[in-house]
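Undergrad: Model the structure of this input:
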Amino acid sequence: MKILVVCSGGLDSVTLAYKVAQSDTVDALLSFNYGQRHTVELEFAARCANALNVAHEVVDISAFGRMLSGSALTDDIAVPEGHYAEDSMRVTIVPNRNAIMLAMAFGLAAARHCDAVAVAVHGGDHFIYPDCRPGFIDSFQKMQNHALEGVQTVQLLAPFVTVEKAEIVRQGSSLHVPFADTWSCYQGGQMHCGRCGTCVERREAFSLASVDDPTIYADTDYWREAVRQHKGEGV
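TA: Residues are numbered from 1 along each chain as shown. Alright, predicted model coming up:
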């Protein structure tokens with residue numbers, strides 16, 4: 001199949017791009033600048049496109065993103081520290097983010113005569129983000145079937161939607177994904193902070209997968225305490 005891959009430059013979406021490239025044709029990587037404080041991730045999406053020798057399309061919706069106030073990713077709100085699954089991480093929700101991006105992705109896929117759009121939402125996102133759950137994926141597909149009826153048949157592929165991040169790391173390792181060329185940190189500094197929810201989730205996933213983590217973190221040890229507090233036990 002000819003597939004358009006939505007790629008933020010994060011570990012999950014870069015692994016997805018490599019997974020698709022193994023068995024199908026990656027038509028292009030599609031990234032979005034929605035005004036996120038960690039726009040550095042787009043540089044890593046570009047690295048992935050270059051490594052796979054595919055086009056990299058970036059859609060700038062930052063003006064609209066600034067209107068979606070109230071999120072720590074797009075507003076002047078502190079990014080919370082701690083475990084990714086803590087309730088405090090809900091402040092990182094950007095309203096309707098995936099629905100907005102996927103609607104654009106499907107339009108582009110139809111215009112480019114792609115067979116599918118691939119997105120890297122995963123099981124670890126379900127607690128926080130409603131637009132990362134299986135019900136959303138199924139409903140979005142049904143909506144697009146109506147929206148593109150008689151125009152183009154485009155599938156929505158979400159192979160990680162019921163998969164935990166540690167399994168994505170395992171799959172990425174088997175695909176020889178250059179994990180050092182992926183970005184997770186919501187702070188968007190010069191290196192991964194090691195303390196925000198996505199850094200803690202990333203570090204924990206490598207540990208659970210028993211895969212060496214090549215990421216350089218400003219704080220290398222905080223994740224252990226964050227996991228310990230979340231689980232209420234030692235790690």
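
Undergrad: Excluding sequence neighbours, find me the nearest residue to S62.
TA: With C-beta to C-beta, 6 or more residues apart in numbering as the criterion, S62 has its nearest non-adjacent residue at 4.0 Å, and that residue is G35. Where C-beta positions appear, they are placed from N, C-alpha and C, glycine not excepted.

Undergrad: Strands along this protein, start to end?
TA: Taking DSSP state E as the test, the strands found in the chain are 2-6, 25-33, 55-60, 116-118, 155-157.

Undergrad: Buried residues, the longest one. List them.
TA: Going by neighbour count (16 or more other C-beta atoms under 10 Å), the buried part of strand 25-33 is V26, D27, A28, L29, L30, S31, F32.

Undergrad: just the third one next, same as before
TA: Of the residues in strand 55-60, those scored as buried under the neighbour-count criterion (16+ other C-beta under 10 Å) are H56, E57.

Undergrad: Next: stretch 38-48.
TA: Residues of stretch 38-48 classed as buried by neighbour count (16+ other C-beta under 10 Å): H38, T39, E41, L42, F44, A45, A46, R47, C48.

Undergrad: what do you get for stretch 66-75?
TA: By 16+ other C-beta under 10 Å, the buried positions in stretch 66-75 come out as L68, S71, A72, L73, T74.

Undergrad: Repeat that for stretch 10-29.
TA: 10-21, 24, 26-29.

Undergrad: try stretch 106-123
TA: 106-110, 114-123.

Undergrad: Pretty sure V26 sits against V5.
TA: Yes: with contact defined as C-beta atoms under 8 Å, V26 reaches V5; the gap is 5.7 Å.

Undergrad: what's A226 in contact with, if anything?
TA: By C-beta atoms under 8 Å, 6 or more residues apart in numbering, the contact list for A226 reads E81, G82, H83, R195, V200.

Undergrad: Can you give me the pLDDT of T25?
TA: Note on T25: pLDDT of 98.

Undergrad: With adjacent residues omitted, what lies nearest to it?
TA: Closest residue in space to T25, ignoring its immediate chain neighbours: K2 at 4.9 Å, by C-beta to C-beta, 6+ apart.

Undergrad: in this structure, which segments are predicted with low confidence?
TA: 72, 233-235 (pLDDT under 70).

Undergrad: same thing but at 90, please
TA: Along the chain, segments meeting pLDDT under 90 span 35, 37-38, 64-96, 123-129, 188-189, 229-235.

Undergrad: sorry, back to before: can you put the strands of the chain in JSON lines and add distance to A99?
TA: Below are the strands of the chain laid out as JSON lines (distance: least, C-beta to C-beta, whole Å):
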{"stretch": "strand 2-6", "distance to A99": "12"}
{"stretch": "strand 25-33", "distance to A99": "12"}
{"stretch": "strand 55-60", "distance to A99": "14"}
{"stretch": "strand 116-118", "distance to A99": "13"}
{"stretch": "strand 155-157", "distance to A99": "12"}
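
Undergrad: Give me the distance between the residue lying farthest from the centre of the chain and D213.
TA: Relative to the C-alpha centroid of the chain, counting by C-alpha atoms, centre = their mean, G150 is the outermost residue, at 30.6 Å. As judged by C-beta to C-beta, to the nearest Å, G150 and D213 stand 48 Å apart.

Undergrad: Before I go, just wanted to say thanks for your time.
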